[in-house]
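Undergrad: missing the sequence, but the structure's below:
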């Protein structure tokens, strides 16, 4: 008998087993209960429970009697359980409740009667179609309200008026066509209304939102950036709207704005972003820009102009961007890249130029580059002068170009090269190309691709791994090395030791 008791104790410690735990539930010593596939709120849940998680069940209706014994409850999460209705004041007596989440259910309205202790309320992915101020009465401590993916069609001040302490409001994925203001939410810091149907934001909407720092209207039908945005704003997201022009002069009071997202609009040109003096991130992907923006803010660290119609890159475009670290110009029509255009960008580490019309690697790129992406251009050869300054380069992507040979001197001048992507090029697999293979292997470079297009007897072979090519070229390689040694006796200073413990940057690639 003693052995059996000891076994039960061991199970309760190791597996969350408790002799008082209801069926289809697991209970642990931290006063947490998790239940799955229930048909009702399980009876017999310990009265000391602080966290109750119920998931993937079939509980159509919640009622007051379900929770009368759970007065210690602080967190209640009901996920994907088919809940359609909640009896009035079901949660009212839970005076310790701080978090209530009813996700992926079938509620058509906000449950009535919440305890004043509530701080987080998440009712995402239901069928709630309207809000009333009475829904949130007494919730002065509520900090987070989420109603993502419901059926709301409008938003007005009266709906949220009791929530004077609210800090985060998330209304993404509804059918909201109109909003009215001002919203009396003086402590609101984060507001998101992504993927709705907004055409217009009224001028007085932000009057009482003077603490707002993060604002997103992405995925709407807005043709203008809202006016009178609060000065406190740090981040503004306006992607996937119908913007055709930006009046930065109307935004110059946003002296704290550091992140601006404008991708997926219909912008054909841009001038005046310098009014946003502290901007560090500007995203303009998937617009109709025919040239790079004029007069960019000098503190910019990330600029994304990918998927536009840009044809030229000049020195003037980047002369003041000394803090720029990430530049994305992929999927444009760039055929002209002025030599030294990025020389003033003394911190640039990531340059994306994939899918353009370049015939050669741009000259005098910054020596700080760690990644250079040139996939999908029309580059025919690599010259030493193009890469000689890139001593920090670790990733070089040359996929899908027109390369047939590699310059050995160019490769030797890249001491930190770790990843080289070469597939999709018409390689002419002569024996001299194998010397490049030996250089790359000595560096420890990970090389992808290298399929031969010529000569005919080597077509389809891979010059980085083919034993057949290696056997055919072995005499040539030995002779080359012998001639090299005879011509030059190395001096101590000619040896460059590669530190294989150098910091490794794990970049993602296609």
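TA: That came through fine. As the structure is a computational prediction, the values presented were derived from the model and not from experiment.
Undergrad: do you know how far residue 320 is from residue 297?
TA: 9 Å (C-beta to C-beta, to the nearest Å). Glycine gets a C-beta too; all of them are placed from N, C-alpha and C.
Undergrad: Quick check on these two: which one has the bigger neighbour count.
TA: residue 297 (24 against 17; other C-beta atoms under 10 Å).
Undergrad: can you count the residues close to the residue nearest to the more buried one when sequence neighbours are not counted?
TA: Nearest residue to residue 297, sequence neighbours excluded (C-beta to C-beta, 6 or more residues apart in numbering): residue 279, at 4.3 Å. Counted with other C-beta under 10 Å, residues neighbouring residue 279 total 23.
Undergrad: ok, the nearest residue to residue 41 once chain neighbours are set aside - contacts?
TA: The shortest distance from residue 41 to any non-neighbouring residue, by C-beta to C-beta, 6+ apart, is to residue 66 (3.9 Å). Going by C-beta atoms under 8 Å, 6 or more residues apart in numbering, residue 66 touches 40, 41, 90.
Undergrad: looking at this, the last one is in a helix?
TA: No - residue state for residue 90 (DSSP: H, G, I helix; E, B strand; the rest coil) corresponds to coil; a helix is not indicated.
Undergrad: Tell me, what's the model's pLDDT at it?
TA: For residue 90, the pLDDT comes out at 94.
Undergrad: which element follows the helix or strand of the chain with the lowest mean pLDDT toward the C-terminus?
TA: The helix or strand of the chain with the lowest confidence, counting by mean pLDDT, DSSP states H and E, is helix 2-15 at a mean of 38. Downstream of helix 2-15, the next assigned helix or strand under DSSP states H and E is strand 25-27.
Undergrad: So what are the sheet partners of that next one and their directions?
TA: strand 32-36 (antiparallel) (DSSP bridges).
Undergrad: Give me the contacts around the strand it pairs with.
TA: Contacts of strand 32-36 (C-beta under 8 Å, 6+ apart): 21-22, 24-27, 42, 45-46, 49-57.
Undergrad: The nearest residue to residue 56 once chain neighbours are set aside: what's it in contact with?
TA: Distances taken as C-beta to C-beta, 6+ apart place residue 80 nearest to residue 56, at 5.1 Å, with adjacent residues excluded. When contacts are counted by C-beta under 8 Å, 6+ apart, residue 80 touches 55, 56, 57, 103, 104, 105.
Undergrad: can you rerun that using 7 Å?
TA: Residue 80 makes contact with 55, 56, 104, according to C-beta atoms under 7 Å, 6 or more residues apart in numbering.
Undergrad: So the residue nearest to residue 297 is in contact with residue 258, correct?
TA: Yes - using C-beta atoms under 7 Å, residue 279 is in contact with residue 258, at 6.1 Å.
Undergrad: If we go by neighbour counts, what in stretch 336-346 is buried?
TA: For stretch 336-346, the neighbour count (16 or more other C-beta atoms under 10 Å) marks 337, 338, 341, 342, 343, 345 as buried.
Undergrad: again but with stretch 25-44, I slipped
TA: Quick answer for stretch 25-44 (16+ other C-beta under 10 Å): 25, 26, 27, 28, 33, 34, 35, 38, 41, 42.
Undergrad: biggest separation within those residues, which pair?
TA: 28 and 41 (18.8 Å; C-beta to C-beta).
Undergrad: what number of residues lie near the nearest residue to residue 385 once chain neighbours are set aside?
TA: Nearest non-adjacent residue to residue 385, counting by C-beta to C-beta, 6+ apart: residue 363, 6.9 Å away. For residue 363, the number of neighbouring residues by other C-beta under 10 Å comes to 17.
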